[in-house]
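K.L.:
Attaching a predicted model along with its sequence, questions to come.
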Amino acid sequence: METIDFVKLFFGLITLFVLYRLIYWYAFSRKPKEIEGPKSEGRNKDRSQNSLIKENVTAFMNYVDNFISKWRQDDEDAVYKDVLIKPALPVIPVFFACDNNYFPYLTVTLTSILANASKDYSYKFYVITTNLDEKYVNMLSKYESSSVEISVVHLREDLQKITEKFHLRDYYSMETYYRFFIANLFPQYDKVLYLDCDIAVVGDIAELYNTELGDNFVAAVPEEVMTEVDVFGEYVEKALDVNRFKYFNAGIMVMNLEAFRNEQIEEKFIDLLTHFKFRVTQDQDYLNVLCKNRVKILDLGWNKTAFKNDKFDDKDLKIVHFKIHWKPWHYKNVLYEDLFWEYARQTDFYAQLIDMRENYSQESKIRDEAAYKNLVQMAIDDTIDEGNYRNVIYSRKI
C-alpha cells in the first residue's frame, strides 16, 4: 500500500511539472489573437498583453487546483475505498481435556465443529492433558488454518500434586477434573466453551458461545440420565441436594471464568474434594454442588444423549453426546451413529474406530453392563447414606 502511494505521488508531481512548463510557455511566449492590434497602440498593447498574461496565469492556477483536487479524490477512491481493511475476527476460546485413549474421538469432534462453525469468528482450541503422545500433538496441526489455532496444554507439576485425591472409576481419566482449573490457568479469558471429546457437533458453536451468562457460573443442559432414570434423579436430590431438572451435564458448558475466579471455585473444589467423595459422576457432581442456583439452563439439543427420548424433536439437535454405553465405536445401532461416522470418515482414525467396534469383545460388553449396574448401586447406596453431602450439610444447619 505504501509503495503504491509513493509511485502515484512521484508520477503526479512529474505530470504537474510538465503541465506547468507547457502552460508557462503558452502564457508568456504565445501571442494570442485577442491582443493583436495596431502597432501604434504600444502602451495599450502592453497593458492588454499584461492583462492577458495575468488571466492565463490565473487560469493555469485554477487548472492546477482542479487537477490536484481530482487527483486526491481519485487516489482516495482507489486506495482507501476500494481496498477494505478487514478487522480481526473475534476469537472464541474452546477447551478440551484429553488423553491418548480419547484422542481418536477428539479428531471426530474437531472435524464436526469446523464443518458447522460460523466463519465470522476465529477459534482458539486448547487441549489440556498430562500425557498426550507427541505423535498426536503433531496431528492436530492439520486442523489449523488462518482462523483456527490449536494449543496443547501440559499441566504444571504443582497442579498434578493434587491429582492423587481425584476419584476415578471405569472409563474416567484424571483429565476430566481439569476443567476446574481453566479459570486460573487462563486469566486472559472471562468466558470460554468447554467440550467433551466424545461428541458430534451439528450446530454452530459460535451460537452456543454467545449465550448470555449474566452472573451464572455456567450455561449447560440438564443431565438427561438424571431426568429420565429415576434412581439417578433420586441420587442428585437426596445425596447432593440438587434438583434433578437443574443438575447439568458438565460435558458441554459455557463457562463464566470471571465468576469462577471471583468466587474462588477452584479453591472451593479442592476443599470439597478433601471432605467429600462423590463417586457416581465424580467431577460433574462437584461442579453441580459448587454451581448450584447459578446455572443457566440450555435447550436439550445442545447436549443430547444418544438414546431415544420421545420428548425431544430431532430438528432441534445441535450436539450429540456419546456417553456411558451409547458409543458407536463400541456398539452398533446407537442412536445418531450416522452423524458420528459421517465425521469419523474424514479423520485418520476411521479404520481404527471401525476395527474397534468390530472387535469389541463380548467380555467387554459384559463388563460395560456390570459397570452400569455398579453405577446404579452406588447411586442407591449414596442416596441412603447418612454421611452423604446433603445429610451432612443439613445436620450442620441444625
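P.N.:
Noted; the coordinates are in hand.

K.L.:
residues contacting Asn116?
P.N.:
For Asn116, the contact set (CB atoms under 8 Å, 6 or more residues apart in numbering) comprises Val201, Val202, Gly203, Asp204, Ile205. The C-beta positions use only the backbone N, C-alpha and C, and glycine is treated the same way.

K.L.:
what about it, distance to Asp313?
P.N.:
Using CB to CB, to the nearest Å, one gets 19 Å for the distance from Asn116 to Asp313.

K.L.:
Just give me the neighbour total for Ile182.
P.N.:
21 (other CB atoms under 10 Å).

K.L.:
now do the one 3 residues further on
P.N.:
As a burial measure, Leu185 scores 18 neighbours (other CB under 10 Å).

K.L.:
Relative to Lys142, how far out is it?
P.N.:
For Leu185, the distance to Lys142 - CB to CB - is 26 Å.

K.L.:
thinking again about what came up before, among the contacts of Asn116, which are in helices?
P.N.:
Counting by DSSP state H, these place Ile205 in helices.

K.L.:
Looking at the contacts of Asn116, which one is closest to Asn243?
P.N.:
Gly203 (26.4 Å; CB to CB).

K.L.:
How about the contacts made by the closest one?
P.N.:
Gly203 makes contact with Asn116, Gly301, Trp302, Leu317, Lys318, Ile319 under the criterion CB under 8 Å, 6+ apart.

K.L.:
can you check Lys124 too?
P.N.:
Counting by CB under 8 Å, 6+ apart, Lys124 touches Val91, Ile92, Pro93, Val94, Glu149, Ser151.

K.L.:
In these, find the pair that's most separated.
P.N.:
Ile92 and Ser151 (14.1 Å).

K.L.:
Ala97 and Ile128 touch, don't they?
P.N.:
Yes - with contact defined as CB atoms under 8 Å, Ala97 and Ile128 form a contacting pair (4.8 Å).

K.L.:
between the two, who's got more neighbours?
P.N.:
Shown here are Ala97 and Ile128; by other CB under 10 Å, Ala97 has more neighbours (26 against 22).

K.L.:
hey, where'd the strands end up in the stretch 201-350 of the chain?
P.N.:
In the stretch 201-350 of the chain, strands defined by DSSP state E, counting those that start in this stretch lie at 218-222, 248-256, 295-297, 304-305, 319-321, listed in chain order.

K.L.:
which outside residues touch the longest one?
P.N.:
Residues external to strand 248-256 that are found in contact with it (CB under 8 Å, 6+ apart): 179, 182-183, 190-196, 198-199, 208-209, 211, 213, 215-224, 283-284, 287-288, 291, 295-298, 302-303, 319, 321, 323.

K.L.:
Equivalent analysis for the shortest one, please.
P.N.:
The set of residues that contact strand 304-305 without belonging to it, under CB under 8 Å, 6+ apart, is Glu224, Val225, Phe312, Leu317, Lys318, Ile319, Val320, His321, Lys323, Ile324, Trp326, Tyr336.
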